[in-house]
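J.: All I have is the shape, not the residue letters:
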């Protein structure tokens, strides 16, 4: 196989990130796009010189397609991924992989049954800051992890929800700030700090309660198997999209990711380790690492490497954390994951 034939389902706001990465890849070519809105599908096909469909199931019948990127609203991720896997296609799905853990389990089971790869777009793991932090922690030079915190203080106005009928509803979005904006931070926290034992959290709708039925604010204490404690806070009620803050406290130093920089604080001195800064034609909070994630996913398919990408099983962990926070908030108790 010279190049993978790639297709995209959903020509909304984020599809272009995937399309540009495919076009720039040495391992794939974009052969088709699909969207229920014919005008969007035609425009995308014209720009990228590929076929277009308004029925994704019809598109899945094409033998030219080896891998499918799913860039649709959250509630469509699971049924579309399962259908693609049943048709013998590899699948890369945007976050969240599904609107709940149960759907994600069905997706992973279908991937196992079909023998195809199911990848999840947690692209921030591929940021320079994240990779360097992970490498330092894995080396163990800073000693055991004692604690980690992740803060997301962003802004979403009412029109963000009213202009898209699927947002702001549990049935179609699966939640609010937890599953849409903060899921990347939850994923990074567990990726950096290790397996989770339990979680205790709270959700609330403090500003957008007249617009949405989901939460706009959440907090949690996370109890890790290694004894570390995590503090998490996320809100869409700030006045701007402030820089995400992640801090890992180790026995011999502190790693801080803030404003796209990784800083090591040790023995009273600060050292700038890495930066994610760079120009991007896309929304800044999407980061610059989709192309790295997509390239790695393709290489794993071509090399039949079943482990070195973000699998469905890995993508499920953040959904388990979100489920735990909701359950804990409802029951006012610690929930074991």
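T.: Right, received. Where do you want to start? All figures in this text were calculated on a predicted structure; none of them were measured in a lab.

J.: pLDDT below threshold where in the protein?
T.: 1, 277-287 (pLDDT under 70).

J.: which residue ranges form the helices in it?
T.: 15-23, 38-48, 56-59, 74-86, 101-114, 128-139, 158-162, 170-173, 183-193, 290-303, 312-331 (DSSP state H).

J.: you'd agree residue 264 is up against residue 274?
T.: No: using C-beta atoms under 8 Å, residue 264 is not in contact with residue 274; the gap is 9.7 Å. Every C-beta, even on glycine, is put in place using the N, C-alpha and C of the backbone.

J.: what residues are shared contacts of these two?
T.: Residues touching both residue 264 and residue 274 by C-beta atoms under 8 Å, 6 or more residues apart in numbering: none at all.

J.: Touching, residue 213 and residue 167? I think so.
T.: No: if you go by C-beta under 8 Å, residue 213 and residue 167 don't touch, sitting 10.6 Å apart.

J.: Show me this protein divided up by domain.
T.: According to automatic domain parsing, the chain comprises the domains 4-123+292-310, 125-284+315-336.

J.: With mean neighbour count added, can I get those domains in CSV?
T.: CSV is the format used below for the domains of the chain (neighbours: other C-beta atoms under 10 Å):
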stretch, mean neighbour count
domain 4-123+292-310, 20
domain 125-284+315-336, 18
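
J.: Distance check, residue 244 against residue 37.
T.: Distance of residue 244 to residue 37, computed by C-beta to C-beta, to the nearest Å: 32 Å.

J.: now swap in residue 174 and tell me
T.: For residue 174, the distance to residue 37 - C-beta to C-beta - is 22 Å.

J.: Identify the residues contacting the closest residue to residue 29 other than its chain neighbours.
T.: Once flanking residues are discounted, residue 29 sits nearest to residue 3: 5.0 Å by C-beta to C-beta, 6 or more residues apart in numbering. By C-beta under 8 Å, 6+ apart, the contact set of residue 3 is 26-29.

J.: how does it look with 7 Å?
T.: 27-29 (C-beta atoms under 7 Å, 6 or more residues apart in numbering).

J.: Over to residue 69?
T.: 6, 8, 18, 92.

J.: ok, those residues vs residue 183, which is closest?
T.: Proximity of these to residue 183 (C-beta to C-beta) peaks at residue 92, which lies at 16.2 Å.

J.: Run a quick check on the closest one versus residue 117, I expect a contact.
T.: No: in this structure, residue 92 is not within contact of residue 117 by C-beta atoms under 7 Å, at 8.3 Å.
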